[in-house]
Structures are given as C-alpha cells and as structure tokens.
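J.: Sharing a sequence plus its predicted fold:
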Number of protein chains: 2
Amino acid sequence: MSVRDGVGPTADHDPAVGELRRMLRADQVLTDAVSLDAYAHDDAEWAAFEPPLAVVLAEREQDVSAVVRLAAASGLRVVPRGAGTGLSGGANAMARSIVVSLERMPRIVEVNAAERYVVAEAGVINDTLREVVAGHGLWYPPDPASYRISTIGGNVATNAGGICCVKYGVTRDYVLGLRVVLADGDAVALGRRTAKGVTGYDLTALMVGSEGTLGIVTEVTLQLLPLGGREERAVVGSFASLRAAGVAVAGIAAAGIVPSALELIDRTCVDAVDAWQGLGLPHGVDTMLLAKVDEVGAVGAELAASVARIMADAGAVSVESAVDADEVDRLFLARRLAYPALERLGPVLTEDICVPRGAVPEMLTRIQATAREHDVVIANIAHAGDGNLHPLIIAPEGDEAAKGRAKLAFDRIVDECRELGGTVTGEHGVGLLKLPGAREELGPRVIDLHVAVKRALDPLGTLNPGKAFPA
Amino acid sequence: MSVRDGVGPTADHDPAVGELRRMLRADQVLTDAVSLDAYAHDDAEWAAFEPPLAVVLAEREQDVSAVVRLAAASGLRVVPRGAGTGLSGGANAMARSIVVSLERMPRIVEVNAAERYVVAEAGVINDTLREVVAGHGLWYPPDPASYRISTIGGNVATNAGGICCVKYGVTRDYVLGLRVVLADGDAVALGRRTAKGVTGYDLTALMVGSEGTLGIVTEVTLQLLPLGGREERAVVGSFASLRAAGVAVAGIAAAGIVPSALELIDRTCVDAVDAWQGLGLPHGVDTMLLAKVDEVGAVGAELAASVARIMADAGAVSVESAVDADEVDRLFLARRLAYPALERLGPVLTEDICVPRGAVPEMLTRIQATAREHDVVIANIAHAGDGNLHPLIIAPEGDEAAKGRAKLAFDRIVDECRELGGTVTGEHGVGLLKLPGAREELGPRVIDLHVAVKRALDPLGTLNPGKAFPA
C-alpha cells in the first residue's frame, strides 16, 4: 500500500462510482484528489492506506445500506468512518474501497430522562452528546482524549475508553442497543432500551469494538448516569522516581480506593509541557501522578486526604490538592497539555498497551530502557489506575533512521507488555497497527473463531476487511 | 418431548455410553434412572425435556473436551449444567443428549487482590465465591436469588442478574475472561485479566448469556470491587395502591438517586408471607416498596431520608428506615420470604419480563387484569428499579385446567410486555420457555444472525441445540 503523501488518480470512470452518483446527491459523493487524500486514513501514524475509489457522506441509514449493497454487488469494500480520530488505522482506506463517512448523521434522536438513555445517530460528537444529556440532568461518562472531536459511532466501533474508565467503565458498558447496517445492506436493531435484557446472543457487544468489520453502526442507544451526586477533588503528587509513583498507585488500590481518575505522566511529558508553557512544575520531578475522587462531602474529603497521604508516604516530593473546579483544572493542566506539547517535537506514534495495574512501574521502566537502547524519544502518558499505558514514540519529521528505530521500539514494547501479562491494545483498537501483536495474543484457535464469525456475518468480505483481527 | 415424571429406559447399550465409561472413572458417568431423572431438567416449570443418555460429572476441562469430542463424532448433543437452578429450561436435556455437569469443578483458582479479580472454575457456587473474595477485601456484586446454590458457570451462561443490578450491573459486567470448550472439543481462553482491553472481537461477551449453545464455560475470570466503602440503609414503604408505589419509583429516578436495591412485592406476596409467618405487616397494604442505598455517612443518611420523603409524598401508608444491619435484614424479610411463601401454594412459574422503569405500574396493572381474566393466581416480585418484573403464576398441583389458564396468562403477559417496549427476559434467559417471545422480539433478520453465528461456531449443532434463540 502507498504512503501517506500522494494519492493515485481518481476513479470517476469506475462504474460503481457512476452508480453512487445516480443513487445519491452530487455533494454526497466525493472523488476529488484532495477529498480522497483527506479521507484515506485516520490519525494513526505509519499505518498503511490507499486512496479509496470514492467517499460517501451518508445522511441517513438508507444511504449506508445503498452503498453497502452496491459494494457487495460490485466486489468493492466499504470502510466506515466517524471523525477519523482513530489511532490504529481502523478507518484507513484500501484498494477498491468506498469510505462511508457518518459525519452527516449528527442528530440526537431521543433523550429519555426517566429511563436514563439517549438515542443518537452515529455521527454525533461525543462532547455534543455529553452536553445535550447534561441538559436533562444526565451524564455519559466515557471520555476518550478525542471527546471534543470524535463521534459516538467511532467510539462504539473502537470501544473507546478514557480517563474516567478506571471508575466508570468503557463505551461498551453504556451501549444498550444499536442500529447496524449488515454486510448485505439490511439494517437491523440490536439490543434493547430497558435496563436489563438477555434475549438471544449479545450481538450488541459483539458489534462494539469490531471496527466496522461486522456491520456499520448508524444509531446508538446509550444508558446514562444521573449527572449529580459527584464532587470532584484532585490530588496531584510529584515523584522523584517512577518506582515511588508506582508504590503510590499500588497503595491506592490496596486501600480499596477506586479513584475517578488516576493518570501518570513521566519526565519527558513534564519537561515538554514546561518548555512550552513554563508552568513552573516542581524541580527534580521524574513522574507526576494525577488523581481525582468524586465522592461527595466528608467522604470525598476523606478519600482525597487518604490519596494525598498515600502519595506522601510513597515519597512524593510534593502533593497538591484541590476541590475548587478551577483549581482542579489547573492541577490537571500538565496532563491535558502533555499530548500537544509532545506533538511539537515531531509526529507521535501513540502506543496503547494495557498491563496489570501492579506491573505499571515495571513496564514503564522497561519502556525507558527500550527508549535508551533504540535511541528514540518515548514519553509516557498512562491511565495508571487501570494499567493502560500510552508510550508516545516520537521521531522527528523526515528522519527515516529514527522512524526505523521507533518501529523496533514499538515492537519491543508490545512484546514486553505480553510478557507482563498485558494486552496489546487497551482502548484504541487493533486496526492495522496491532495486527501482529493481536496474532500473538489471540493465538491460532481464537483467530479461527474470529474468521468464522466474520465469514458468518460478512461472507463476501465487504466490510472493512483486514482490520480488527489478524486473518 | 416427555413430561416431568418418569424417564425412559436407560441407554447403557449405546456405544457412546460405553465409550464414556472407557474415558472416565465409573463414578463420573451416571446412567441410572434416578440420576437421569434428576439431571433431565432445571427449575423451569412446564418446560419440555427428555431423559439424557447419560450424565457426566466433569472434574476438569479435559473431561468436558472429551465428552464434546465424542458427542460431535457420534452425532449426540451435549447439555451443559451448573446447579440446575435455571428458570427457563436452558439446562433441560433432549433426545440423544449427554448432560455434562460442572458441579465437580468447584475450585477457586486465584484471587488477585492487587488486580481485583478472581479466577474460578465453573462449578464454584456464587455465594462461596463471594465469601472467598470477601476474605481478600473484595466484592462480587451479582446476586441472583439463587446465589446460595447456583454456580458461577451457570450465572455466566445465563448472564444472571439479581437485586443489586439496579446499581451494580449484571454478571456480564464483571466477566473479564473465560475458558471455554468449543464445539469440536478444543478449549480456548477468551478475554483478558487486565482492567481494559480491546484486542479482537468481544467473544467473551458473546459467550456470556449464550446458554451453552456456543461453548461450555469451564473457568471464569471476574473483576471485583473493593469490599468496603459501602454502608447499607434500608427504606421500606407500604402503599395502599400499586399506582402510589409507581409514583414513588418514578420519583426516586427523577431525583437522580440510584439505589442499591429497589424491590417491589404486591399484595399477594404480602398476604402469603403474613399467612405463613405472621409478621404483622401493615394492614391495607397493596404494595410494598423495599429500597436500599449504600453511600457512606452523611451522604447515605441524606439519600435514605430523600427516598423516605419521596415514598411519603407518593402517599405511603407507612415508611420504615433502618441502618443497623439486623434491622435492614428485618425490613427486607418480607421480600426474602415472598418466594418460599408462594411456593407453598403450588408450583410456581416464574416469569421474567423487563419493561421501561416508567411502565412498571402500567405493566403490573395489566398483570393483575390478566390474573382476573384468566382466573389464576399471579403474585408479583419486581426489581422495580430496573423494570425487571417476576410475575409468579401459581397453579395448584394436578389442576390441569388451572395450568392451561396459567399458560394463557403467561403468553398474554409476554405480549403486553412487548407492547410496552419491554424485553421477554430480563435476567433468566430464553432457554425453552421464552423461545416464542424471543421470536417476536428479535424478528427474522436478527434471528438469521443468531443462526449464522451458531453455525459458524457449532456447525454440527452439538452444543445445547434449540436453546437461547428460536431457530
């Protein structure tokens, strides 16, 4: 497959493209080189892609069905796409494919406060959904870093996580039901709108995280929590060593505390943020641990005090606490700025491994060693509370040698995560980047099961083939 | 298929049974009439069954694999079974079947306090697992009514619910990973032990609730919560009408309160309990609403007071509150005794519908009308907080006419649940009893998907065929 820059000639002469133009309005079918380039890949660095034959901007479920039917009849592939913020290449186009973007399906269909659910089209932005349901006194917890720009359909397709998952779970934990366009173009409703239900197989859960390889999600029904009843307190500790921060993480777990956030950033992040924004972060800091608890009143205050004490006992150089919302935001500023600060240093390959909580310090130590050995810059942002690490591998633009070393480091990290009992992707998905790691992790017999399920639901291989699992 | 009493001749002459005897120890293969009868069905009233050819008491995963391999080679069917406490006929035997009981696989393999998970063989009793993990400061929430006698493997196979689900979710929400014997006898590990993970399809979730039709669960990895940090308070209101209780349920939801239990029992239950135990329950009571909250300290006290106020405002005849553990138990006594009290009146067919929370009063009103119209006794126990209703249809032993009327009432209730936007099974599973309702609910295209998945994973139809979905 081709590299990121440059697309091939447009394919306006393909009879399927002509058929698309007959079925849809002119502005729904894009075949110009700029569009084909823009829609050819997601945000994964270094994942392969090819320009699609066309990009379809679906505006309703029937549009999706029509494209899938045409593709199935013409031997083409369909690549569904939300906002293209994926980090594993799951939305990357391939030869003889049509990219179907759901971005023009941004309607909130229903908010039901009494039953605490929302029905939303796939193209609704996560943050928009959060705002709309908040207006009804409801809360949708999953908060991937992309929440301001990613779509709920993409969140479902990748089973997106986020910072609050350590206490509130991931996207899958909130999906009650789906509308899905199947590989033959038929649309079905899966799941339910009631609080409980066990009728038939959990095909809803099977679709969640399947990266559009079994069906294209057009509408999502999400259960919600009440908005109130929480009160955020932040506790941020700065540590002179990774190991000390690891002791604090283990101590919080051992105390039976489930924080609503427990993030870790390493010295490379801290330095990059300070160099950029001059926040005056503490000197001699190797690792910052950023926790939140959200219990109300005296209970919350007591938990925050416990977290602060555990951090101090673990040897924190400094511990700051806050309950005022602005102060909480200020304390988490370094975490929020870490990614953009690092992106200034060059293209960032975002790793996404998940190890047992207790193995976080060991894994981070190994990552540091790998960075040294391979002479690459690796910064670490981690959802430390659930063991989900995002080593950010940075290779300066155009430095092919550095890129080669970075790739070796990437493979090494995946291998070591497996050695420590981890999984190769905690929340970003397999896409294309994690296919080799997934092959190791799943093993041949479980891959057989994937192949069997894929063939059962998509016998022609129309839907996003080659993604999500190694065939 | 035959009725509950009497089994056919044993099948010791079947060559497959001879082969079982060669593969396993003598005490692992039961073919006597008493055993075949005892293992031929679960606790579902009126679900059809036939005596199996043999019952195998598996002691390790390899035993399960061996039986499945033999069955696949011999054209037999395998019916997996935990404790046989199912209420839908999911474990009922059929012609030319081998029942594989997992009861001799009761080992807790690992409790990991740091990572908050437990690994247990399928035959571990729910309550045993709860006790063992409590010893490590951990809590496994799902609490089906059968928790003292049902196995964790059966809980997983049916995606069992319980009283605490209204706040803490169902079995599926705790299953991190499984070991499963597939239809060809191969055993695989699915899922993970890390807090998060999205490698490949969520085959773990596909297996949960699939009633042994896609694989036989031999080992379960469950994530756990910390044991501490909760403080139970009970608030019990007695209402002169169902509608008043319904107003209270809606009021609790509208206040953004998520109770840790919100149970409802109707006049028939209250009367049956009082007639049996003489608890002196309040006079003029039509409906009792039993709530728990479990927040700690002042927050919990305030929430309990809010619940009590909402009940009083809805017109409760009396409201009692308790925080002392014994008092909490006393207030919930009527709920706990309801089922055994009703069983004294005759065989109980336990219905299991789930409607939107707001439709609970309307559904209960319709059930009462159905009971009158069909001249049957129907008592109601409901997980009111999540809309999961258990109408208990009682026909006196041997009264065939009453049984006929009860069956009509059953069908009517399922139809009306669907009219109100409900699902035909909230937590018991489709088994055999809910096959007709599931056909209506799923529709032909989604049933096709079930058939495709079943064929993909069990092409010979070896594993518990005819259950879980209507083919």
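T.: The structure has been received and is ready for your questions. Numbering: from 1, shown residues only, chains lettered A, B, ... in the order given.
J.: What does the closest residue to A:V249 other than its chain neighbours show for phi and psi?
T.: In space, and not counting its chain neighbours, A:V249 is closest to A:A384: 5.0 Å by CB to CB, 6 or more residues apart in numbering or on different chains. Where you see a C-beta, it was placed from the backbone N, CA and C, and this is true even at glycine. Main-chain dihedrals, A:A384, degrees, to the nearest 10: phi -60, psi -30.
J.: what's the neighbour count on A:A384?
T.: The tally of other residues near A:A384 (other CB atoms under 10 Å in any protein chain shown) stands at 29.
J.: what's the answer for the one 4 residues further on, then?
T.: A:N388 has 31 neighbouring residues, counting by other CB under 10 Å.
J.: contacting residues for it?
T.: Contacts here follow CB atoms under 8 Å, 6 or more residues apart in numbering or on different chains; on that basis A:N388 touches A:161, A:165, A:352-354, A:382, A:426-427, B:194-196.
J.: how much space between it and A:N380?
T.: From A:N388 over to A:N380 the distance is 11 Å, taken as CB to CB, to the nearest Å.
J.: Equivalent analysis for A:S146, please.
T.: Using CB to CB, which is the criterion applied here, A:S146 is 19 Å from A:N380.
J.: again, but for A:V249
T.: Between A:V249 and A:N380 the distance, using CB to CB, works out to 13 Å.
J.: got any residues that touch both of the two?
T.: With CB under 8 Å, 6+ apart as the test, A:V249 and A:N380 both reach A:L264.
J.: Who has more neighbours out of A:S146 and A:N380?
T.: The residue with more neighbours, out of A:S146 and A:N380, is A:N380; 25 against 22, by other CB under 10 Å.
J.: Contacts only, for that one.
T.: By CB under 8 Å, 6+ apart, the contact set of A:N380 is A:264-266, A:268-269, A:364, A:367, A:389-392.
J.: Pick out whichever of those residues sits closest to chain B.
T.: Taking CB to the nearest CB as the measure, A:L389 is the one of the contacts of A:N380 closest to chain B, at 10.6 Å.
J.: Can you name the residues bridging to that closest one?
T.: A:I353, A:A382 (DSSP bridges).
J.: quick one, what contacts it?
T.: By CB under 8 Å, 6+ apart, the contact list for A:L389 reads A:351-355, A:360, A:363-364, A:367, A:380-383, A:417, A:426.
J.: coming back round to it: output the contacts of A:N380 as TSV; include the columns distance to B:M105.
T.: Below are the contacts of A:N380 laid out as TSV (distance: CB to CB, whole Å):
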residue	distance to B:M105
A:L264	39
A:I265	45
A:D266	44
A:T268	48
A:C269	47
A:L364	38
A:I367	39
A:L389	35
A:H390	39
A:P391	40
A:L392	44
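J.: quick one: the helix or strand harbouring A:A73 near chain B?
T.: Under the criterion of DSSP states H and E, A:A73 resides in helix A:61-74. No - Helix A:61-74 stays clear of chain B (CB under 8 Å from any CB of the partner chain), getting no nearer than 12.4 Å.
J.: what comes up buried for that helix?
T.: Across helix A:61-74, burial judged by 16 or more other CB atoms under 10 Å in any protein chain shown covers A:61, A:63-72, A:74.
J.: just stretch A:117-131 next, same as before
T.: Within stretch A:117-131, the residues that qualify as buried are A:117-126, A:128-130, counting by 16+ other CB under 10 Å.
J.: is chain B contacted by that stretch?
T.: No - figure legend: stretch A:117-131 not in contact with chain B (CB under 8 Å from any CB); closest approach 9.2 Å.
J.: How far off centre is that stretch?
T.: Relative to the centre of its chain, stretch A:117-131 is centred 16 Å away, using CA atoms, centre = their mean, to the nearest Å.
J.: Tell me the secondary structure at the closest residue to A:V296 other than its chain neighbours.
T.: Closest residue in space to A:V296, ignoring its immediate chain neighbours: A:E231 at 4.6 Å, by CB to CB, 6+ apart. Classification of A:E231 by DSSP: H, G, I helix; E, B strand; the rest coil places it in coil.
J.: number of nearby residues for A:E231?
T.: 17.
J.: now do A:G431
T.: For A:G431, the count of nearby residues is 25 (other CB under 10 Å).
J.: what sits against the residue lying closest to it once chain neighbours are set aside?
T.: Excluding the flanking residues, the one nearest A:G431 by CB to CB, 6+ apart is A:S88, at 2.6 Å. Going by CB under 8 Å, 6+ apart, A:S88 touches A:42, A:44, A:47, A:158, A:352, A:425, A:428-434.
J.: remind me, longest helix of chain A?
T.: What stands out as the longest helix in chain A, according to DSSP state H, is helix A:435-457.
J.: residues near A:V319, how many?
T.: Neighbour tally, A:V319, other CB under 10 Å: 20.
J.: which SS class is it?
T.: Looking at A:V319 with three-state DSSP, the answer is strand.
J.: Dig out what it forms beta bridges with.
T.: Beta bridges link A:V319 to A:G237 when assigned by DSSP bridges.
J.: how big is the angle separating the host helix or strand of A:R309 from helix B:297-313?
T.: A:R309 is part of helix A:297-313, with elements assigned from DSSP H and E. With axes from the mean of the first three to the mean of the last three CA atoms, to 10 degrees as the basis, helix A:297-313 and helix B:297-313 are set at 160 degrees to each other.
J.: I would like the residues contacting helix A:297-313, please.
T.: Residues from elsewhere that reach helix A:297-313 (CB under 8 Å, 6+ apart): A:231, A:233-235, A:237, A:239, A:248, A:251-252, A:255, A:257, A:259, A:289, A:291, A:293-295, A:319, A:321, A:323, B:295-299.
J.: Now a PyMOL select for only the buried ones of the residues you listed.
T.: Selecting only the buried entries of these in PyMOL, with 16+ other CB under 10 Å as the criterion:
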select buried, (chain A and resi 231+233+234+235+237+239+248+251+252+255+257+259+289+291+293+294+295+319+321) or (chain B and resi 295+296+299)
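J.: and the helix holding A:A73, average pLDDT?
T.: For helix A:61-74, mean pLDDT rounds to 98.
J.: domain parsing for chain A?
T.: A:15-101, A:108-226, A:229-340, A:345-428 (automatic domain parsing).
J.: Name the helix or strand for the closest residue to A:F332 other than its chain neighbours, please.
T.: Once flanking residues are discounted, A:F332 sits nearest to A:L290: 5.7 Å by CB to CB, 6+ apart. Assessed by DSSP H and E, A:L290 sits inside strand A:287-293.
J.: Can you spell out which helices and strands pack onto that strand?
T.: Judged by 3 or more CB pairs under 8 Å, 6 or more residues apart in numbering or on different chains; DSSP states H and E, strand A:287-293 is in contact with strand A:233-239, helix A:242-254, strand A:261-266, helix A:267-277, helix A:297-313, helix A:333-343.
J.: what's the angle between it and helix A:267-277?
T.: Interaxial angle, strand A:287-293 versus helix A:267-277 (the same axes, to 10 degrees): 90 degrees.
J.: What strands flank strand A:287-293, and is each parallel or antiparallel?
T.: Strand A:287-293 is paired, per DSSP bridges, with strand A:233-239 (antiparallel), strand A:261-266 (antiparallel).
J.: Could you export the helices and strands packed on strand A:287-293 as JSON lines, including mean pLDDT?
T.: Putting the helices and strands packed on strand A:287-293 into JSON lines (pLDDT from 0 to 100) gives the following:
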{"stretch": "strand A:233-239", "mean pLDDT": "96"}
{"stretch": "helix A:242-254", "mean pLDDT": "92"}
{"stretch": "strand A:261-266", "mean pLDDT": "96"}
{"stretch": "helix A:267-277", "mean pLDDT": "90"}
{"stretch": "helix A:297-313", "mean pLDDT": "96"}
{"stretch": "helix A:333-343", "mean pLDDT": "90"}
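J.: For A:A189, which non-adjacent residue is spatially closest?
T.: Spatially, and ignoring its direct neighbours in sequence, A:A189 is nearest to A:R179 (5.4 Å; CB to CB, 6+ apart).
J.: Over to that neighbour. Which of the three states is it?
T.: Under three-state DSSP, A:R179 falls in the strand class.
J.: who's it bridged to?
T.: According to DSSP bridges, beta-bridge pairing links A:R179 with A:A189, A:E219.
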